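Undergrad: Okay, here's the prediction I keep looking at, along with the sequence it came from:
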Amino acid sequence: MSYAMHLASLKGAKPCCRILLAIINKPFSRFNFSSFASNISSNPQLNKLKNQEFIVCNSRILGFNMLGSSKKPFLEPDMNWGESKVFSISRNWKNDAKGGIFVSGVLSNLRSFSTNVDARVNDKNFERIYVQGGLNVKPLVVEDKIDLDESSSRDGNTKVELPEGEGDNRKGITRGGNTKVELPEGESDNRKGITDEGAGKGVRVGGGEESELEKEGWRLLRNAIVTYCGSPVGTLAANDPNDKLPLNYDQVFIRDFVPSALAFLLKGEGEIVKNFLLHTLQLQSWEKTVDCYSPGQGLMPASFKVRTVALDENKYEEVLDPDFGESAIGRVAPVDSGLWWIILLRAYVKITGDHHFQERVDVQTGIKLILNLCLSDGFDMFPSLLVTDGSCMIDRRMGIHGHPLEIQSLFYSSLRCAREMLASDDGSKNFVRAINNRLSALSFHIREYYWVDMKKINEIYRYKTEEYSTDAINKFNIYPEQIPNWLMDWIPEEGGYMIGNLQPAHMDFRFFTLGNLWSIVSSLGTPKQNEAVLKLIEAKWDDLVGHMPLKICYPAMEFEEWRIITGSDPKNTPWSYHNGGSWPTLLWQFTLACMKMGRSDLARKALDIAEKRLPADHWPEYYDTRSAKFIGKQSRIYQTWTIAGFLTSKMLLENPEAASLLYWDEDYDLLEICVCALSKSGRKKCSRGAAKWQILV
């Protein structure tokens with residue numbers, strides 16, 4: 001089918017902006033754009049479009065299907081997100097003084113032009129379907145624009161028309177297609193974009209009027225909204241108007257946006273979340289480098305920023321500038337961004353009911369690229385995910401390299417999400433099989449070797465070392481002397497938790513809150529273990545909650561240990577920041593875990609503590625000291641995920657039915673799957689069957 005036939009189905013286009021990226025793929029340069037232009041020119045219905053003008057910002061082309069000798073462009077989603085676009089880089093197609101041309105519109109059959117990305121897990125020849133590029137080369141410059149919708153006005157204001165019959169989950173946007181985005185001439189505003197009609201007007205989701213504190217929270221959250229060409233795409237990490245040196249707090253972080261996204265979804269405002277998911281999907285797989293070395297394909301950025309760049313005199317354009325870690329402190333690429341993206345994608349689909357969204361070819365491609373990156377074979381013997389220090393929420397050196405619990409919990413959750421959302425076709429069978437095998441091995445590994453309670457500590461205390469056989473009890477050669485003195489006095493008689501990390505000859509016995517809470521939410525732990533974690537938090541309330549929930553980890557590293565492990569990090573001083581600091585944003589995850597286990601009383605108790613202090617302290621990022629009495633020494637105020645965490649917790653408690661969509665029950669089928677390689681070689685099978693009865697309740 002010709003491009004002209006596809007473009008004949010154009011109904012309208014919304015002005016969009018480009019993502020700052022140069023096209024450097026050589027096969028792309030061999031594409032015959034002259035033939036493409038001729039096809040359009042020969043069509044009388046389309047030829048008349050060439051004479052219309054208004055500025056359309058372009059985005060990058062995602063890639064090519066390199067199957068045999070044929071080359072089909074992989075078409076990128078339009079800003080209307082149900083559509084796709086293709087554009088020409090030929091500067092001479094339209095013979096006028098302004099130069100280049102850009103064509104945007106609806107393609108009625110996206111799948112006919114998409115590449116088949118049904119990757120074979122661990123196949124070294126997995127198709128590299130995305131165009132690679134970077135910010136260090138000159139981006140495409142587009143100066144012309146084609147008006148494809150008579151409803152688009154000449155003054156730059158755009159009316160967004162929703163396709164007939166297409167569901168819309170956005171509050172304040174009716175089916176008549178009716179949102180106007182008006183920006184002052186020559187000015188872009190990155191902190192607007194949600195209409196007053198979508199603001200909820202003080203009505204709580206569960207019914208009744210919002211409190212003044214909730215209204216203030218929503219006002220602050222909306223003020224932090226970032227727009228990209230008039231559409232909301234995320235929220236700033238922090239929005240303190242008096243902060244003269246925001247560093248990267250003026251960017252949109254994937255992990256930070258999750259509580260904001262949930263707040264908007266629970267409020268019935270899905271547009272910003274949908275835009276965020278698709279824009280970050282477009283940013284996936286850029287080839288950012290550190291010292292001429294590039295990370296794996298499928299990587300999601302840690303954050304992105306909307307920048308305004310000058311095209312020429314009196315002409316400006318918005319671009320998305322992502323950070324994959326090449327600008328971060330420590331230059332560490334984020335492992336958790338892709339995991340959070342998949343988790344948020346499922347939350348969006350569950351809450352809005354927009355199942356068609358997850359079936360889009362670009363969304364399916366994004367899921368598979370992340371899975372291919374996470375499920376690749378390597379040197380590691382463990383089913384847990386091997387990562388570097390600083391690759392998650394604890395994004396500075398804190399001795400969590402290896403197999404930290406936080407990443408394993410998010411990894412387990414994202415695998416369950418992906419298995420649920422992958423399209424039911426032949427190409428996904430290998431992925432589903434690999435996911436099931438990994439889930440089974442991972443759940444057994446974490447439940448068996450990361451769990452500690454009084455009984456398990458007694459077993460470790462009597463471990464024999466230097467055991468060599470498949471029957472070894474002390475499989476990781478843990479020396480009993482590693483058990484710290486604080487743990488023997490701290491662990492309660494009832495209750496337990498997942499340790500922070502496990503490596504050969506090393507157990508990190510610190511309590512990491514996010515990993516333990518998410519192991520409850522995702523059912524990575526057994527029902528009995530999940531109950532025990534909440535019992536421990538209740539028993540050690542003063543240590544883990546204190547004057548502000550919740551400690552990110554306990555206890556803090558001090559003295560010589562702090563100097564060696566953190567490198568004398570002045571921000572991670574004892575009981576501050578990631579080293580034992582208290583983070584109010586963990587409230588929403590604590591609330592979700594408590595609601596799953598029928599302990600909403602604990603969540604309300606923690607929320608009451610936060611409610612008394614957060615507005616008075618101007619919604620800080622974190623708190624210092626052992627009992628969280630003081631605002632963090634370097635804490636930003638008006639921290640967006642602090643605000644969003646509080647609002648999300650409130651709405652979850654008011655709406656248990658919606659909360660139930662965000663957590664997982666035990667998957668008993670996984671316990672029947674054993675992927676132990678020893679069983680294939682004829683040697684003695686693993687002890688999984690014998691151990692299963694001990695951990696399953």
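TA: Cool, got the structure.

Undergrad: Flag the shaky bits of the stretch 551-697 of the chain, pLDDT-wise.
TA: Scanning the stretch 551-697 of the chain for pLDDT under 70 picks out 674-697.

Undergrad: all strands for the stretch 351-500 of the chain, in order.
TA: 451-453, 496-503 (DSSP state E, counting those that start in this stretch).

Undergrad: which one of those strands lies closest to Ser337?
TA: Ser337 sits nearest to strand 496-503 of all the strands of the stretch 351-500 of the chain, at 20.4 Å, using C-beta to C-beta. (C-beta placed from N, C-alpha, C; glycine too.)

Undergrad: Quick one: residues contacting Trp575.
TA: For Trp575, the contact set (C-beta atoms under 8 Å, 6 or more residues apart in numbering) comprises 556, 581, 624-626.

Undergrad: ok, and the closest non-adjacent residue to it?
TA: Take Trp575 and drop its neighbours on the chain: the residue closest to it by C-beta to C-beta, 6 or more residues apart in numbering is Ala556, 4.7 Å away.

Undergrad: and that neighbour, how many residues sit next to it?
TA: 22 (other C-beta atoms under 10 Å).

Undergrad: do the same with the one 4 residues further on
TA: Residue neighbour count, defined by other C-beta under 10 Å, stands at 8 for Glu560.

Undergrad: one step back: let me see the contact set for the residue nearest to Trp575.
TA: Ala556 touches 562, 574-576, 579-580, 626, counting by C-beta under 8 Å, 6+ apart.

Undergrad: Wait, a helix at it?
TA: No: counting by DSSP: H, G, I helix; E, B strand; the rest coil, Ala556 is located in no helix; its state is coil.

Undergrad: what are the phi and psi angles of the residue lying closest to Lys464 once chain neighbours are set aside?
TA: Excluding its sequence neighbours, the residue lying closest to Lys464 (C-beta to C-beta, 6+ apart) is Asn474, at 6.1 Å. The phi and psi values for Asn474, taken as degrees, to the nearest 10, are phi -90, psi 80.

Undergrad: Kindly tell me how buried Asn474 is, as a neighbour count.
TA: Quick note: Asn474 (other C-beta under 10 Å) scores 16 neighbours.

Undergrad: Could you verify my assumption that Met393 touches Glu406?
TA: Yes: if you go by C-beta atoms under 8 Å, Met393 and Glu406 touch, sitting 6.5 Å apart.

Undergrad: Give me the common contacts of those two.
TA: 336, 514.

Undergrad: More neighbours: which of the two?
TA: Between Met393 and Glu406, Glu406 has the larger neighbour count (other C-beta under 10 Å), namely 29 against 21.

Undergrad: What residues does that one make contact with?
TA: So Glu406 contacts 336, 392-394, 400, 512, 514-515, 518 (C-beta under 8 Å, 6+ apart).

Undergrad: what about the longest helix in the protein?
TA: helix 429-449 (DSSP state H).

Undergrad: which helices and strands does it pack with?
TA: Secondary-structure packing of helix 429-449 (3 or more C-beta pairs under 8 Å, 6 or more residues apart in numbering; DSSP states H and E): helix 361-374, helix 405-421, helix 688-695.

Undergrad: Export the ones you listed as a markdown table, with columns for distance to Lys551.
TA: Output for those, formatted as a markdown table (distance: least, C-beta to C-beta, whole Å):
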| stretch | distance to Lys551 |
| --- | --- |
| helix 361-374 | 28 |
| helix 405-421 | 14 |
| helix 688-695 | 26 |
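
Undergrad: closest one to Gly546 among those?
TA: Here helix 405-421 is closest among the helices and strands packed on helix 429-449 (C-beta to C-beta), at 21.1 Å.

Undergrad: angle of that closest one against strand 496-503?
TA: 100 degrees (axes from the mean of the first three to the mean of the last three C-alpha atoms, to 10 degrees).

Undergrad: Can you mark which positions in helix 405-421 are buried?
TA: Using 16 or more other C-beta atoms under 10 Å as the test for burial, helix 405-421 gives 405-419, 421.

Undergrad: For it, list the C-alpha coordinates in PDB.
TA: C-alpha atoms of helix 405-421 as PDB (Å, rounded to 0.1, in the frame of the first residue of the first chain):
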ATOM      1  CA  LEU A 405      16.000  -5.800  47.400                       C
ATOM      2  CA  GLU A 406      14.400  -2.700  46.000                       C
ATOM      3  CA  ILE A 407      15.300  -3.600  42.400                       C
ATOM      4  CA  GLN A 408      14.300  -7.300  42.900                       C
ATOM      5  CA  SER A 409      10.900  -6.200  44.200                       C
ATOM      6  CA  LEU A 410      10.300  -3.800  41.300                       C
ATOM      7  CA  PHE A 411      11.700  -6.400  38.800                       C
ATOM      8  CA  TYR A 412       9.300  -9.000  40.100                       C
ATOM      9  CA  SER A 413       6.400  -6.500  39.800                       C
ATOM     10  CA  SER A 414       7.300  -5.400  36.300                       C
ATOM     11  CA  LEU A 415       7.600  -9.000  35.100                       C
ATOM     12  CA  ARG A 416       4.100  -9.800  36.400                       C
ATOM     13  CA  CYS A 417       2.800  -6.600  34.800                       C
ATOM     14  CA  ALA A 418       4.500  -7.400  31.500                       C
ATOM     15  CA  ARG A 419       3.100 -11.000  31.400                       C
ATOM     16  CA  GLU A 420      -0.400  -9.600  32.000                       C
ATOM     17  CA  MET A 421      -0.100  -6.900  29.200                       C
END
